[in-house]
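Visitor: sequence and predicted structure are below.
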Amino acid sequence: MCGICGIIDFGEKIIQDERSATVQEQNAAIVHRGPDSAGFYSDTYCSLAMRRLSIIDLETGDQPFWNEDRTVCVFMNGEIYNYQELKSNLIELGHQFYSKSDTEVLVHLYEEYGESLSDKLIGMFAFCVYDISNETCIISRDRFGEKPLYYHYEDEVMTYSSEVNSLLQNHRIKRKLDHTSLEYYLTSAYVPEPLTLIEGVKILPAGKYLKIQKKSFEEKTYFSIHYKSNPKISNEQEAIEHIKPKLENAIRRQAVSDVPLGAFLSGGIDSSTICTLLQKEMNTPLNTFTVRFEESSYDESKIAKEVSEKIGSNHTEITVPNGQFSEEIFWKIIDHVGLPFPDSSAIPSYLLTKEISKHVKVAISGDGGDEIFAGYPVFGWWSELHKLTKIPNLLSNILRESASLGTNFINHNKLRQFNRALEASKYGDRGISYGISRLFLDSEYKKICNRGIDLTNNIFFEVPDNYNDLSDLRKSMYFRLRHNLRTDMLIKVDRMSMANSLEVRAPFLDSDLYEASLDISDDLLYKNNIGKKIIRSMMTESLPDSVFNHPKSGFSIPLHMYFNDEFKGLCQELIFENKTILELFDKEELHNVYRRGLSIKDKGRYTAYRSSHQLWSLLLLGGWIKRFSIEA
């Protein structure tokens, strides 16, 4: 696990000494991602670097790695879980290895398979292969986007890094706000790949790679999310026999480590499943960690303790108080994400990973289970909303206006939910998921920005070729896996854990397991408002009943209970005294968002959750603009 960065300059636009110095500054900015050692290489065209968090092959695992005649080198962030199988095959083909590192397989794979090497990999990664002889660089990112790769390409100069702050150490990159991305950020709280909030700065989409040569810059796809129109396995026992070995193998692969290893144990189905199967692979008690919230509705620690006792793990409970707002963590989130990140669960994630890093260097998580095996309640809601898209436009408009008016006079959750359902359905079949996830609705966006929303070429509306042949369940799963997982969950996990020099692995995102999940019929995934049915059936005998019988709860904190005078003072500074924010938004509406955001009760069309997160998103935006000197 590392961080990587570099500047590729086949057009020789930057003096090598300047380029090398810039990349060294980039590398220093990601020291937290790899405090154990550093790697660097520079020549006429490229200056490349990395920071290393030593996990596998502690003695000889430093980068870069070279092929036999030193014509190809590689820098990688992440882990290749199938490296041992790949290494055995490459040795049979005549390749020589000089270490036990997983990274070394990449140079030999490139020699054998060229730019298609990513097809062979199972893991979480972002890497740069530099073919010196052919003056070619291949930069690739893993299938689901577990590891980040930001880049800027202009005038034949390619700058890349694992983090935005590091990327911007190249002062030739202008820090200008991207207004198209700002619209995405306000309406849905997140910006879809490949865009970022900085003009000209992109994130390499998951499952893609870049090929850079003189006067040539190509983005290519090696993996796309896909679903089958008619999954073949509908028998429960057959499905378990199909899925369980793949999950066990994924866990076995990801348990490989030369440093202490632990696991997140929340008490939910996903983490409990991972910990149970992982403990069976170990000869000693697994170190498990859970977070306990003082707010009881957010606390699953009792269930986690039951699971720990059943499997015999060495369990540690970390208490996160409701507490008060703290500027320290606010700025840490902005610094490490490098962009505004409105998911409030970043706060407990940071606190949890900070504590876990005192005990272990690697932690296994249950991330991805909901996306791969249909665990979110929204999957059931999607089908109901799809029915509303069939209502004629005129009637739909009347219903929306009536429901919206009604919520101003009747403070009732059911009416509020019906209003949101109608709002979401107006975007049609391909836009339901976008509608569900709205932060600022169309009317609210128009008020605060003094302009309407442009839905032309909306990335959230893009769908696979066989979309019309897919079930409602698979359509809604596609959006979650392509957008929510990448732009929310995985960013939070990577940035908050790496801020504390902790590697987090997610067996549910194993590519073999994902492919196996495509064969399972919908009824074995989600039925009667119950998700992950196949995982439930598979683990019934191994886990306490309480794991399956309690309501699903998220990891977000009750943000509306978190605000204090320090928070209000920061709002004044970063929103109402921020010249850029005042240029971008209507001042009166900013005050309305502020007043609603401080409310601790649902009122009218606004829930306390949505109101507080609208304010939180603006505060983060203001803080980011100030911290990174962003121009409007």
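Guide: Nice, I can see it.

Visitor: who touches stretch 480-497?
Guide: The contact list for stretch 480-497 (CB atoms under 8 Å, 6 or more residues apart in numbering) reads 144-148, 163, 190-193, 206, 225, 333, 336-337, 341, 343, 345-346, 349-350, 353, 357, 363, 365, 367-368, 370-372, 376, 378-379, 433, 437, 460, 503-504, 506. (Each C-beta comes from the backbone N, C-alpha and C, glycine too.)

Visitor: which ones among those lie within helices?
Guide: Among the contacts of stretch 480-497, DSSP state H puts 333, 336-337, 346, 349-350, 353, 370-372, 378-379, 433 in helices.

Visitor: what subset of the contacts of stretch 480-497 is buried?
Guide: Buried positions within the contacts of stretch 480-497, assessed by neighbour count (16 or more other CB atoms under 10 Å), are 144-148, 163, 190-193, 206, 225, 333, 336-337, 341, 343, 345-346, 349-350, 353, 357, 363, 365, 367-368, 370-372, 376, 378-379, 433, 437, 460, 503-504, 506.

Visitor: what's the following helix or strand after the lowest-mean-pLDDT helix or strand in the chain?
Guide: Least confident helix or strand, the chain: helix 393-407 with a mean of 61, by mean pLDDT, DSSP states H and E. Per DSSP states H and E, the first helix or strand lying C-terminal to helix 393-407 is helix 413-425.

Visitor: shaky segments in the protein?
Guide: Applying pLDDT under 70 to the chain picks out residues 1, 56-57, 60, 294-299, 321-324, 394-413, 415, 553-558, 604.

Visitor: what does the domain assignment say about it?
Guide: Domain assignment for the chain by automatic domain parsing gives 2-221, 236-375+480-549, 558-632.

Visitor: which one of the ones you listed lies closest to residue 465?
Guide: Ranking the domains of the chain by proximity to residue 465 (CB to CB) places domain 2-221 first, at 13.1 Å.

Visitor: the closest one: how far from the chain's middle?
Guide: Centre-to-centre, domain 2-221 and its host chain are 18 Å apart (CA atoms, centre = their mean, to the nearest Å).

Visitor: tell me how far the ends of that domain are from each other?
Guide: 24 Å (CA to CA, to the nearest Å).

Visitor: show me where the stretch 1-150 of the chain has its strands.
Guide: 2-8, 37-42, 46-52, 65-66, 72-80, 123-131, 136-141, 150-154 (DSSP state E, counting those that start in this stretch).

Visitor: mind listing the strands the first one pairs with, and their directions?
Guide: Strand pairing for strand 2-8, determined by DSSP bridges: strand 46-52 (antiparallel), strand 157-161 (antiparallel).

Visitor: re the thing from before, okay, the strands of the stretch 1-150 of the chain in JSON lines with mean neighbour count next?
Guide: Below are these laid out as JSON lines (neighbours: other CB atoms under 10 Å):
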{"stretch": "strand 2-8", "mean neighbour count": "29"}
{"stretch": "strand 37-42", "mean neighbour count": "18"}
{"stretch": "strand 46-52", "mean neighbour count": "26"}
{"stretch": "strand 65-66", "mean neighbour count": "20"}
{"stretch": "strand 72-80", "mean neighbour count": "26"}
{"stretch": "strand 123-131", "mean neighbour count": "26"}
{"stretch": "strand 136-141", "mean neighbour count": "24"}
{"stretch": "strand 150-154", "mean neighbour count": "19"}
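
Visitor: rebuild those strands as CSV, extending it with distance to residue 622.
Guide: Shown next, in CSV, are those (distance: least, CB to CB, whole Å):
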stretch, distance to residue 622
strand 2-8, 27
strand 37-42, 34
strand 46-52, 30
strand 65-66, 43
strand 72-80, 30
strand 123-131, 30
strand 136-141, 30
strand 150-154, 22
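
Visitor: looking at those, which is closest to residue 285?
Guide: strand 72-80 (23.5 Å).

Visitor: what angle do that closest one and strand 2-8 make?
Guide: Going by axes from the mean of the first three to the mean of the last three CA atoms, to 10 degrees, strand 72-80 is angled at 150 degrees with respect to strand 2-8.

Visitor: give me the sheet partners of strand 72-80 and which way each runs.
Guide: strand 65-66 (antiparallel), strand 123-131 (antiparallel).

Visitor: of those strands, give the one that comes closest to residue 103.
Guide: In terms of CB to CB, the element of those nearest to residue 103 is strand 65-66, at 5.4 Å.

Visitor: who touches that closest one?
Guide: Residues from elsewhere that reach strand 65-66 (CB under 8 Å, 6+ apart): 72, 73, 74, 99, 101, 103, 104, 106, 107.

Visitor: contacting residues around stretch 601-619?
Guide: Residues outside stretch 601-619 that contact it (CB under 8 Å, 6+ apart): 185-186, 189, 330, 340, 342, 344, 404, 407-408, 411, 413, 416, 419, 439-440, 444, 559-560, 563, 567, 570-571, 574-575, 581, 585, 590, 593-594, 596-600.

Visitor: 7 Å - rerun?
Guide: The set of residues external to stretch 601-619 that reach it, using CB atoms under 7 Å, 6 or more residues apart in numbering, is 189, 340, 342, 344, 404, 407-408, 411, 413, 416, 419, 439-440, 559-560, 570-571, 574-575, 593-594, 596-597, 599-600.

Visitor: quick check: which of the strands paired with strand 72-80 is nearest to residue 533?
Guide: Smallest distance to residue 533 across those (CB to CB): 27.1 Å, for strand 123-131.

Visitor: give me the most central residue, the protein.
Guide: Taking CA atoms, centre = their mean, the centroid of the chain lies closest to residue 490, which sits 2.0 Å from it.

Visitor: the helix or strand hosting it to strand 46-52, inter-axis angle?
Guide: Here residue 490 sits within helix 490-499, counting by DSSP H and E. Counting by the same axes, to 10 degrees, helix 490-499 lies at 70 degrees to strand 46-52.

Visitor: so for helix 490-499, what gets flagged as buried?
Guide: Those buried within helix 490-499 under the rule 16+ other CB under 10 Å are 490, 491, 492, 493, 494, 495, 496, 497, 498, 499.

Visitor: with stretch 426-446 instead?
Guide: 426-427, 429-442, 444-445.

Visitor: do stretch 231-239 as well
Guide: Result for stretch 231-239 [16+ other CB under 10 Å]: buried residues 231, 233, 236, 239.

Visitor: if we can go back for a sec, could I get the domains of the chain as TSV with distance to residue 456?
Guide: TSV is the format used below for those (distance: least, CB to CB, whole Å):
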stretch	distance to residue 456
domain 2-221	10
domain 236-375+480-549	18
domain 558-632	21
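
Visitor: I figured residue 630 hits residue 178, correct?
Guide: No - in terms of CB atoms under 7 Å, residue 630 does not count as a neighbour of residue 178; the distance is 9.8 Å.

Visitor: for residue 538, which non-adjacent residue is closest in space?
Guide: For residue 538, ignoring the flanking residues on the chain, the nearest one in space by CB to CB, 6 or more residues apart in numbering is residue 240 at 4.9 Å.
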